[in-house]
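J.: curious how this folds, go ahead:
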Amino acid sequence: MQTLAVGCGAGFSGDRVDAAIPVVKTLIARGGPAALMFENLAERTLAHQHLIRRAHPSLGYEPLLEQELRPILADCMQHGIPIIGNFGAANPQGAAQRIVQLAEQLGLPKPRIAVVQGDDLSNAQGRALVKQHLPEGFDDARFVCANAYLGAFEIAQALKEGAQIVVTGRVADPSLLLGPAIAHYQWRATDWDALAGATMAGHLLECGAQVSGGYFADPGKKDVPGLDNVGFPIAEIFPDGSCVVSKADDTGGLVDCRTVKEQLLYEVHDPAAYITPDVVADISQARVEQVGANRVRLHGVKGHPRTATLKVLAYFDGGWLGEGEISYAGPNAEARARLAMDVMQKRMGRHMPLRFDLIGISSILGDDQGRMLTGMPTTRATDVRLRVAAKHAQRAPIDLLLQELTALWTGGPAGGGGVRVAKRQRLSNLACLIPREQIPATVQFV
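T.: Sure thing, here's the model as predicted:
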């Protein structure tokens, strides 16, 4: 049986929309069975899309969906490369309809699109189920949404039934690759080692350019060539679940044992028990080997039976976050920035705790209470930017905070400029485990 190649076109919502083009060209040039995955969901990305769908019922899917698919849709359909993406977010049906419209605009035949459903537990029935498993901390008044992490077998089912595009909401990130592998190799639900190996291949690809040098790069310590044109990864999956990771041809970036090991361990709390909906993967004895230029083999992953439960994340209204910045430059810049900080504290500190940073002096390494700033002597810095941030359950105090920061333009100290303010709704979350039989997943063709 021919080896399956799976390329990655996106590693998060907001990733580069041209990244998939060289990946698809490479898959076509190499020939053989292939698939393309788009991983667009972080935990809060999905919840924010639920909020958007509340205001605009036709939206709630990946906002860059059209820009991601427009450059590659025709080539994928022509060359039989199925596309699998969790770009459905909070509205998979809406995403599927948008893809149908895009294909029509491009003069393409209507693609055969499957939608995986069952993850969204935000309706009354789903909410009651989640509440049952979150007896403490569930706040009906603040509830926004809840989604379960589904697995790969529904994706595989859709592909076996001829889907050219599979749209999902929340599925486990590695399942976007595992689904095509299951369909291609006809793995059974108990082929634990094969499932685990391909799951870790999906884990390597799920963050896009992280495994091909992007997040790895550190000049003089971990040099990566051509980072401005970093190539997104491709995994060749073998019948036993092992894989070789490479990247798109004629692109920058780097795939070596170091980049693979960094990504392999990313977000893995227990290397001997990486839990997914499909399998529990064990990488404690796995081997990573360089087998060519920008080609790394991963093998020796072991698999254990999947858990009886699925992870569910419930999201709640967390109030508002506001932040504003203003710059001070020239002689005595830090002293003027500190005076502005004092003004903001006296005018707004009684309403809510404020977080201050002096960007250029102390920001990333600072603390919410400002102890580091208080204990630091004033420097001779000539370029300092004051940032103030706060959270509040209500929007009005945040609006007032941003107005006060803006007033520093002329309210003093001297020489402030470049004011920027922003606010956004915050979300909190609680996780629980629910028996998988209570969260049935289905496949529906559009």
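
J.: ranges for the helices of this structure?
T.: With helices called from DSSP state H, the chain shows them at 20-30, 43-55, 65-69, 73-78, 92-105, 124-133, 153-160, 175-185, 192-205, 257-265, 333-348, 371-375, 395-406, 408-411.

J.: now the ones you listed in TSV, with distance to Ala248?
T.: Using the backbone N, CA and C atoms, a C-beta is placed for each residue, glycine as well. Output for those, formatted as TSV (distance: least, CB to CB, whole Å):
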stretch	distance to Ala248
helix 20-30	4
helix 43-55	24
helix 65-69	15
helix 73-78	13
helix 92-105	23
helix 124-133	39
helix 153-160	23
helix 175-185	16
helix 192-205	12
helix 257-265	15
helix 333-348	45
helix 371-375	43
helix 395-406	43
helix 408-411	47
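
J.: for Lys423, which of those is the nearest?
T.: Checking the helices of the chain against Lys423 by CB to CB gives helix 395-406 as the closest, at 5.2 Å.

J.: which strands and helices lie in contact with that closest one?
T.: strand 309-329, helix 333-348, strand 383-392, strand 417-435 (3 or more CB pairs under 8 Å, 6 or more residues apart in numbering; DSSP states H and E).

J.: among the ones you listed, which is nearest Phe238?
T.: Proximity to Phe238 (CB to CB) singles out strand 309-329 among those, at 28.2 Å.

J.: strand partners of that closest one, parallel vs antiparallel please.
T.: As defined by DSSP bridges, the strand partners of strand 309-329 come to strand 143-148 (antiparallel), strand 383-392 (antiparallel), strand 417-435 (antiparallel).

J.: deepest-packed of those, please.
T.: strand 143-148 (a mean of 25; mean count of other CB atoms under 10 Å).

J.: CA atoms only for it, dumped as PDB, please.
T.: C-alpha atoms of strand 143-148 as PDB (Å, rounded to 0.1, in the frame of the first residue of the first chain):
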ATOM      1  CA  PHE A 143     -22.600  30.300  30.700                       C
ATOM      2  CA  VAL A 144     -21.400  30.900  27.100                       C
ATOM      3  CA  CYS A 145     -20.700  27.500  25.600                       C
ATOM      4  CA  ALA A 146     -19.300  24.000  26.100                       C
ATOM      5  CA  ASN A 147     -17.600  21.700  23.600                       C
ATOM      6  CA  ALA A 148     -16.300  18.200  23.800                       C
END
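
J.: between helix 124-133 and that strand, find me the angle.
T.: Computed by axes from the mean of the first three to the mean of the last three CA atoms, to 10 degrees, the angle separating strand 143-148 from helix 124-133 equals 80 degrees.

J.: quick one: average confidence on strand 143-148?
T.: For strand 143-148, mean pLDDT rounds to 96.

J.: and if you look at stretch 316-334?
T.: pLDDT averaged over stretch 316-334 gives 96.

J.: how about the residue of the chain most remote from its centre, what does it touch?
T.: Residue farthest from the centre of the chain, counting by CA atoms, centre = their mean, is Pro331 at 42.6 Å. Neighbour list for Pro331: Thr382 [criterion: CB atoms under 8 Å, 6 or more residues apart in numbering].

J.: what does it show for phi and psi?
T.: With angles defined as degrees, to the nearest 10, Pro331 sits at phi -60, psi 140.

J.: show me what contacts Glu289?
T.: Contacts of Glu289 by CB under 8 Å, 6+ apart are 257, 296-297, 299.

J.: make it 7 Å
T.: Glu289 sits next to 296-297 when contact means CB atoms under 7 Å, 6 or more residues apart in numbering.

J.: is it true that Ser58 touches Gly94?
T.: Yes. Counting by CB atoms under 7 Å, Ser58 does reach Gly94; the two are 5.8 Å apart.

J.: related to what we said a few turns ago, and of the helices and strands packed on helix 395-406, who's closest to Leu195?
T.: strand 309-329 (15.9 Å).

J.: and the angle from the closest one to helix 395-406?
T.: Here the directions of strand 309-329 and helix 395-406 differ by 30 degrees (the same axes, to 10 degrees).

J.: on that earlier part again, the helices of the chain: which one's closest to Val384?
T.: Val384 sits nearest to helix 333-348 of all the helices of the chain, at 4.4 Å, using CB to CB.

J.: for that closest one, what is the distance to the chain centroid?
T.: Relative to its parent chain, helix 333-348 has a centroid offset of 37 Å by CA atoms, centre = their mean, to the nearest Å.

J.: give the buried residues for that helix.
T.: Residues of helix 333-348 classed as buried: 333-341, 343-344, 347-348 (neighbour count, 16 or more other CB atoms under 10 Å).

J.: which residues does that helix contact?
T.: 326, 328, 354, 356, 358, 361, 378-379, 381-384, 386, 388, 401, 404-405, 408, 413-416.

J.: and it with strand 383-392, angle?
T.: Angle, helix 333-348 to strand 383-392, by the same axes, to 10 degrees: 20 degrees.

J.: pull the CA atoms of helix 333-348 into PDB?
T.: Below are the C-alpha coordinates for helix 333-348, written out as PDB (Å, rounded to 0.1, in the frame of the first residue of the first chain):
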ATOM      1  CA  ALA A 333      11.500  59.700  30.100                       C
ATOM      2  CA  GLU A 334      11.200  57.100  32.800                       C
ATOM      3  CA  ALA A 335      10.400  59.600  35.500                       C
ATOM      4  CA  ARG A 336       7.600  61.100  33.400                       C
ATOM      5  CA  ALA A 337       6.200  57.600  32.700                       C
ATOM      6  CA  ARG A 338       6.300  56.800  36.400                       C
ATOM      7  CA  LEU A 339       4.400  60.100  37.100                       C
ATOM      8  CA  ALA A 340       1.800  59.100  34.600                       C
ATOM      9  CA  MET A 341       1.500  55.800  36.400                       C
ATOM     10  CA  ASP A 342       1.000  57.600  39.700                       C
ATOM     11  CA  VAL A 343      -1.700  59.700  38.100                       C
ATOM     12  CA  MET A 344      -3.600  56.700  36.800                       C
ATOM     13  CA  GLN A 345      -3.300  54.900  40.100                       C
ATOM     14  CA  LYS A 346      -4.800  57.800  42.100                       C
ATOM     15  CA  ARG A 347      -7.600  58.400  39.600                       C
ATOM     16  CA  MET A 348      -8.500  54.800  38.800                       C
END
